[in-house]
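*Asks:* pasting a predicted model and its sequence here:
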Amino acid sequence: CLATLIIMLVGDTYTLINYVSFINYLCYGVTIIGLIVLRWRKPKIFRPIKVNLLIPITYLAFWAFLLIFSLYSEPIVCGVGLIIILTGVPVFFLGVYWRNKPKCVNRLIESITCWGQKLCFVVYPQCGGAEEE
């Protein structure tokens, strides 16, 4: 969110739309690749919706064309989009991957989560309730 606010203050809306478009297409393609890998590695698991593999493979062909064309036509915008995605890596390691965090870090993450929930009106805040259950 902070990176988006800075980009909105510095750049124009067209550039911001290009950043978000590249990030969305990249995430969609990675999701489809994950679908294909799961269908190949774990063919027996339950799937409520199952499609012919020709559909995701065709989608991936178009996705690769769009991604390569985007990288060729606007490499700086795509690079900034990748940097925006990579800003989430430290957050992932701090919040999810690091299991044995000190209590002060857990309290900080919980307070940031509650603050964000209150600010965005997304979830009814349950500050401090996770430890009681």
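*Replies:* Arrived safely.
*Asks:* all contacts plus neighbour counts: C-alpha atoms, from now on.
*Replies:* Fine.
*Asks:* list the helices and strands the longest helix along the chain packs on?
*Replies:* Ordering each helix of the chain by length in residues (DSSP state H) puts helix 13-41 first. Counting contacts by 3 or more C-alpha pairs under 8 Å, 6 or more residues apart in numbering; DSSP states H and E, helix 13-41 packs against helix 2-10, helix 54-73, helix 75-86.
*Asks:* okay, buried residues for that helix please.
*Replies:* By neighbour count on 16 or more other C-alpha atoms under 10 Å, the buried set for helix 13-41 is 18, 19, 20, 22, 23, 26, 29, 32.
*Asks:* ditto for stretch 83-99
*Replies:* Across stretch 83-99, burial judged by 16+ other C-alpha under 10 Å covers residue 84.
*Asks:* please state the mean pLDDT value computed over it.
*Replies:* Stretch 83-99 comes out with an average pLDDT of 85.
*Asks:* how far is it from where the chain is centred?
*Replies:* Centre-to-centre, stretch 83-99 and its host chain are 11 Å apart (C-alpha atoms, centre = their mean, to the nearest Å).
*Asks:* ok, stretch 36-44 next?
*Replies:* Computed by C-alpha atoms, centre = their mean, the chain-centroid distance of stretch 36-44 equals 22 Å.
*Asks:* grab the CA positions of that stretch and hand them over as PDB.
*Replies:* Output of stretch 36-44 as PDB, limited to C-alpha atoms (Å, rounded to 0.1, in the frame of the first residue of the first chain):
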ATOM      1  CA  ILE A  36      -1.200 -27.900 -14.000                       C
ATOM      2  CA  VAL A  37       1.500 -29.000 -11.600                       C
ATOM      3  CA  LEU A  38      -1.100 -30.200  -9.000                       C
ATOM      4  CA  ARG A  39      -3.000 -32.100 -11.700                       C
ATOM      5  CA  TRP A  40       0.200 -33.800 -12.700                       C
ATOM      6  CA  ARG A  41       1.600 -34.600  -9.300                       C
ATOM      7  CA  LYS A  42      -1.600 -35.300  -7.400                       C
ATOM      8  CA  PRO A  43      -4.100 -36.500  -9.900                       C
ATOM      9  CA  LYS A  44      -6.300 -38.300  -7.300                       C
END
